[in-house]
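1. here is the input, now give the coordinates:
(one chain, ligands or ions: 1)
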Amino acid sequence: MKLQVAMDLLTVEDALKLAGQVAEYVDIIELGTPLIKAAGLSAVTAVKNAHPDKIVFADMKTMDAGELEADIAFKAGADLVTVLGTADDSTIAGAVKAAQAHNKGIVVDLIGVADKATRAKEARALGAKFVEMHAGLDEQAQPGFDLKGLLSAGEAARVPFSVAGGVNRSTIEDVQRAGADVAVAGGAIYGAADPAQAAKELRDAIV
Ligand SMILES: O=C([C@H](O)CO)[C@H](O)[C@H](O)COP(=O)(O)O
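-> The predicted structure is shown next:
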């Protein structure tokens, strides 16, 4: 299982600092949607230039104009780009077309999708490299939230998947047991007093 750090920060300076602290422990470096909205796609270029050996993930959360939005993110240096599972099939197909042109990949983010297992299969058939079983920050803040629904959807889907939804040191083993290909950790790393140590502990928990 790969480890992905999600950088939900707001400046390129902070993102480069965090990426530098944790790169040795992670496989994938994600530029979070708020970072891309605040700093633009030049942030993707800056992180890719600083870490050419890492998979750079642009969390575009594209809902329309799939081919165009994916194309500009790949041109900026992204290796993986997200499209929303709630988008029309043609939007996902357009983004996949751009990925094929760049020899890169599309990840379909299932945030807000009720039947994640079914949409995961459809996304994979449309050409997604993998799907993201995702509960966003707002959903995580709701009383009683836990990761179990995401993990069972991943197990049921039987397609390659990542899990994002407040993954931390106490849940990463469950994520791996569910068969995830990628564990995504944002707040558990960038919110830690020592992000490098937090990333190392998550890495060490992966067997
Ligand atoms: O994608 C994310 C969210 O929608 C804000 O951009 C997060 O990066 C993702 O949820 C992972 O972060 P944590 O939930 O803090 O681990």
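
2. break down the chain into its helices, ranges please.
-> Taking DSSP state H as the criterion, the chain carries its helices at 12-22, 33-39, 42-50, 66-76, 89-102, 116-125, 137-140, 148-157, 172-177, 187-190, 195-205.

3. distance between the longest one and the chain's centre?
-> Which is helix 89-102. If you compare the mean C-alpha spot of helix 89-102 with that of the full chain, they lie 17 Å apart, counting by Cα atoms, centre = their mean, to the nearest Å.

4. surely residue 200 and residue 23 touch.
-> No - the pair residue 200 / residue 23 is not scored as a contact, 11.6 Å apart, by Cβ atoms under 8 Å. Just so you know, the C-beta spots here come from the backbone N, C-alpha and C atoms, and that holds for glycine as well.

5. can you tell me which residues contact the residue in the chain positioned nearest to the ligand?
-> Closest to the ligand within the chain is residue 186: 2.4 Å, counting by Cβ to the nearest ligand atom. Residue 186 is in contact with 5, 6, 7, 8, 30, 32, 164, 166, counting by Cβ atoms under 8 Å, 6 or more residues apart in numbering.

6. got the phi and psi for it?
-> phi -100, psi -80 (degrees, to the nearest 10).

7. tell me the pLDDT of it.
-> Turning to residue 186, the model gives it a pLDDT of 98.

8. hmm, residue 88 and residue 122 touching each other?
-> No - in this structure residue 122 lies outside contact range of residue 88 using Cβ under 8 Å: 11.4 Å.

9. higher neighbour count, these two?
-> Set side by side, residue 122 and residue 88 show unequal neighbour counts under other Cβ atoms under 10 Å, the larger going to residue 122 at 16 against 12.

10. now that one, nearest residue through space, not along the chain?
-> Among residues not flanking residue 122 along the chain, residue 89 sits closest, at 7.3 Å (Cβ to Cβ, 6 or more residues apart in numbering).

11. next: residue 150.
-> Nearest in space to residue 150, with sequence neighbours left out and distances taken as Cβ to Cβ, 6+ apart, is residue 133 at 4.1 Å.

12. report the contact partners of the residue nearest to residue 120 when sequence neighbours are not counted.
-> By the measure of Cβ to Cβ, 6+ apart, the closest residue to residue 120 outside its immediate chain neighbours is residue 157, 3.8 Å from it. The contact partners of residue 157, by Cβ under 8 Å, 6+ apart, come to 116, 117, 120, 121, 131, 133.

13. so what's residue 157 scoring on pLDDT?
-> Per-residue pLDDT puts residue 157 at 98.

14. could you measure from it over to residue 182?
-> As defined by Cβ to Cβ, to the nearest Å, residue 157 lies at a distance of 14 Å from residue 182.
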